[in-house]
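Chemist: can you look at this prediction? I've put the sequence above it.
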Amino acid sequence: MQSIDILRLVIPQISKYNLAATPVNYTVWYEYYRSINIDLKQAINEYIEQGKKITNELLETFFDNFISDQDTKAFKQAQSELIHLISHLSETTKTADSSASNFQQSLQGYGKQIDKPTTTPPNPLDIIGNLITETQTMISSLQTMRKQINESQIQINELENKLNKATVENLNDILTGIANRKGLIKAFDEVLLQSQKTRFSVSLLMLDIDHFKKVNDTHGHLVGDKVIKFISETLVTQIKGQDTASRYGGEEFVVLLPNTSLKNAHIIAESIRTKIEKTRLRRSNNQQSLGQITISIGITHYLKNDSIESFIDRADAAMYESKQNGRNRVTIYNHEN
């Protein structure tokens, strides 16, 4: 089955089961219809045959179990199909160009017949009849080309929109909408390139929600998700410009601060910590208090030849020190250690 045919099958399934149009759901169904991942196909078929509910959470589980980090595969195939469509469009244009060239040659040939001195002049009706036939052939060719171009263009536009959306979503965390690890790495690479040109300082915050397991155990994972969203929303309101807030995993967050000294990074971190500490969250259904939500933060600044891993490791070490010293505090990494 061609990729474009698979794409036409994916969207109705997402709509049928009232699923979110996320890269994860899109990829799972894409892989399902590709029929290469047998284990995934069997798992989904079992749910369909037994009439079990197919949910966003279920597809996330299937993604983790059967696809894992292969989420870019489907996008690359869709991209390949886009290239194929463009190639097809190019071939269609070449065909039309060939028809136009043949038509031009026919006209030139008839012109020579008219201009050529001969004892038996050509019958004008024959020439006109041939011209009409050639014209009709040319018109038919152009109509076919226009139809194919229109169809290809529609497909190209649809795929471009899906690929653009998938590319953006693939860099963002599904739950919070802020950057995920891939988005953070992309931002880091861009900031590093810029900092090498202008030599500005780059700082990094590593944040972790204190006693988050207790929140989940007491109030459930849905409430836990709301706490994570609250943290991400707070980060977004407390940063600006080229700063990047990202969900690093679970209840951990990383904030990349270009053109920011350690001193200013500490001010930003304290502002975030204080904002979260002072906010009182309640359950929406019964207004039950979730208790005080706090975070522990670690700070470091970029060193020459740092990788994203070494950069984050130092911030993580400082954050762990905040945890050890009582939580709900900010610690700057000691570079003398």
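Modeler: Yep, it's here.

Chemist: distance-wise, check residue 320 relative to residue 215.
Modeler: Distance of residue 320 to residue 215, computed by CB to CB, to the nearest Å: 20 Å. C-betas here are computed from N, CA, C, even on glycine.

Chemist: looking at the two, which has the bigger crowd around it?
Modeler: residue 215 (22 against 15; other CB atoms under 10 Å).

Chemist: which residues touch that one?
Modeler: Residues near residue 215 by CB atoms under 8 Å, 6 or more residues apart in numbering: 209, 223-224, 227, 290-291, 293.

Chemist: now it. Its backbone dihedrals?
Modeler: Dihedral pair for residue 215: phi -60, psi -50, per degrees, to the nearest 10.

Chemist: again, but for residue 282
Modeler: The phi/psi pair for residue 282 (degrees, to the nearest 10) reads phi -130, psi 150.

Chemist: how about residue 291?
Modeler: Dihedral pair for residue 291: phi 80, psi 180, per degrees, to the nearest 10.

Chemist: and of the contacts of residue 215, the nearest to residue 277?
Modeler: residue 293 (7.7 Å; CB to CB).

Chemist: tally of neighbours for the closest one?
Modeler: Residues lying near residue 293 (other CB under 10 Å) number 20.

Chemist: again, but for the one 4 residues further on
Modeler: For residue 297, the neighbour count with other CB under 10 Å is 27.

Chemist: again, but for residue 48
Modeler: By other CB under 10 Å, the residues close to residue 48 number 12.

Chemist: show me what contacts the nearest residue to it once chain neighbours are set aside?
Modeler: Nearest non-adjacent residue to residue 48, counting by CB to CB, 6 or more residues apart in numbering: residue 54, 7.5 Å away. Residue 54 sits next to 17, 19, 44, 47-48 when contact means CB under 8 Å, 6+ apart.

Chemist: then residue 171?
Modeler: 179-180, 182-183, 186.

Chemist: redo that, cut-off 10 Å
Modeler: 23, 179-187, 246 (CB atoms under 10 Å, 6 or more residues apart in numbering).

Chemist: again, but for residue 210
Modeler: Contacts of residue 210 by CB under 10 Å, 6+ apart are 251, 276-277, 292-296, 322-323, 326-329.

Chemist: how near is it to residue 294?
Modeler: Residue 210 is 5 Å from residue 294, by CB to CB.

Chemist: what do those two both touch?
Modeler: With CB under 10 Å, 6+ apart, residue 210 and residue 294 have common neighbours 276-277, 327-329.

Chemist: which among those gets closest to residue 233?
Modeler: Nearest to residue 233 among the shared contacts of residue 210 and residue 294: residue 276, at 10.4 Å, using CB to CB.

Chemist: mind showing which ranges of the chain have poor pLDDT?
Modeler: Along the chain, segments meeting pLDDT under 70 span 1-4, 7, 21, 23, 68-169, 336-337.

Chemist: pretty sure residue 277 is touching residue 292, no?
Modeler: Yes: with contact defined as CB atoms under 10 Å, residue 277 reaches residue 292; the gap is 6.8 Å.

Chemist: so what sits against both of these two?
Modeler: Joint contacts of residue 277 and residue 292 (CB under 10 Å, 6+ apart) are 210, 328.

Chemist: can you give me the helices for the stretch 201-337 of the chain?
Modeler: Listed in chain order, the helices of the stretch 201-337 of the chain (DSSP state H, counting those that start in this stretch) span residues 212-219, 221-238, 262-278, 308-324.
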